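K.L.:
curious how this folds, go ahead:
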Amino acid sequence: MSATFLFPSICNQNAWPARALPTCAFSALMKDENKALAQGLQRRDAELLDRLIEQYQFRLFRYLLYISGDRTRAEDFFQETWIRVLERGHQYDGKSRFEGWLFAIARNLVIDWQRQRKVQSLDALTDSEQAHPLQVKDERSASALQAVLKSEQDAQVQGALQQIPAIYREVLLLRFQEELQIDEIAGVLGAPPSTVKSRLYRGLEALRGSLEKGMTVEGGVS
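P.N.:
Residues are numbered from 1 along each chain as shown. Coordinates of the predicted model:
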């Protein structure tokens, strides 16, 4: 079912003010899309899978490349992720966004690989302050960084991202590049929202520090 379909009977014109109709229709449309997607995955619809791969291939590979740090491995994980999607499509119930479920599958593959290599998983790379997570008072305060992170060509920012711990880099990518909400990221990580907020806060601070350090080095200031 295409997102271009219209649902004129979703909102009652008499029950909703005119300005609320677009939000209502969009929300209902998304739920309907997720439901149709779940049904298609349960049927192992090959055509649907092809469309999903085409739609998410760039975002998924970018995510896998960042968290694995290995292009060849990322390519393997990419293929395996879609195999898992086909095999486990019945597990997607359509109650949440598909991309959150997709990234969770991909992330688990990377963690399994790391454990097999006896390397610490992303979840294990926590810091000493994790027992007392900090809270993000206003996610919109990161809007300036969000705008920068959206620029795929900004080599300085990409370099700075590589300098911060993996657990923070991953949360920043999910929040600002993939535009997932806190609860959706929590679902991907299998962690409580408070942990996500803590990592997001510390990640922003680490990225800011890395950027400032890079600018200082570039400017020739000792």
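K.L.:
could you name the helices and strands sitting against the helix or strand where residue 196 lies?
P.N.:
In the assignment (DSSP states H and E), residue 196 maps to helix 193-219. Taking 3 or more Cβ pairs under 8 Å, 6 or more residues apart in numbering; DSSP states H and E as contact, the helices and strands that helix 193-219 lies on are helix 143-149, helix 155-163, helix 166-172, helix 182-189. (C-beta placed from N, C-alpha, C; glycine too.)
K.L.:
the last one: which residues count as buried?
P.N.:
It stands for helix 182-189. Neighbour counts using 16 or more other Cβ atoms under 10 Å place 182, 184, 185, 186, 187, 188, 189 of helix 182-189 among the buried residues.
K.L.:
closest to residue 58 among these?
P.N.:
The closest of the buried residues of helix 182-189 to residue 58 turns out to be residue 188 (Cβ to Cβ; 17.7 Å).
K.L.:
what's the closest one in contact with, if anything?
P.N.:
By Cβ atoms under 8 Å, 6 or more residues apart in numbering, the residues touching residue 188 are 100, 103, 104, 107, 174, 180.
K.L.:
then residue 164?
P.N.:
The contact partners of residue 164, taken as Cβ under 8 Å, 6+ apart, are 172, 203, 206, 207, 210.
K.L.:
where does this structure have its least confident helix or strand?
P.N.:
Across the helices and strands of the chain, mean confidence by mean pLDDT, DSSP states H and E is lowest for helix 143-149: a mean of 50.
K.L.:
send me stretch 80-87 as CSV with only the CA atoms.
P.N.:
Output in CSV follows, covering the C-alpha atoms of stretch 80-87 (Å, rounded to 0.1, in the frame of the first residue of the first chain):
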residue,chain,number,x,y,z
GLU,A,80,22.2,-11.1,6.8
THR,A,81,19.8,-8.4,8.2
TRP,A,82,17.5,-8.7,5.2
ILE,A,83,17.6,-12.5,5.5
ARG,A,84,16.5,-12.1,9.1
VAL,A,85,13.8,-9.7,8.1
LEU,A,86,12.4,-12.3,5.7
GLU,A,87,12.7,-15.1,8.2
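K.L.:
relative to helix 182-189, how tilted is the host helix or strand of residue 67?
P.N.:
Of the helices and strands defined by DSSP H and E, residue 67 is found in helix 46-68. Orientation note: helix 46-68 sits at an angle of 90 degrees relative to helix 182-189 (axes from the mean of the first three to the mean of the last three Cα atoms, to 10 degrees).
K.L.:
which residues does residue 38 contact?
P.N.:
For residue 38, the contact set (Cβ under 8 Å, 6+ apart) comprises 89, 92, 93, 94.
K.L.:
please apply the same query to residue 88.
P.N.:
residue 105.
K.L.:
so where's this protein shaky on pLDDT?
P.N.:
Residue ranges of the chain with pLDDT under 70: 1-29, 118-155, 214-222.
K.L.:
what helix or strand is residue 38 on?
P.N.:
Using DSSP H and E, residue 38 falls within helix 21-42.
K.L.:
doesn't residue 184 make contact with residue 104?
P.N.:
No. Counting by Cβ atoms under 8 Å, residue 104 stays clear of residue 184, with 9.6 Å between them.
K.L.:
how does this structure divide into domains?
P.N.:
According to automatic domain parsing, the chain is divided into the following domains: 21-116, 129-217.
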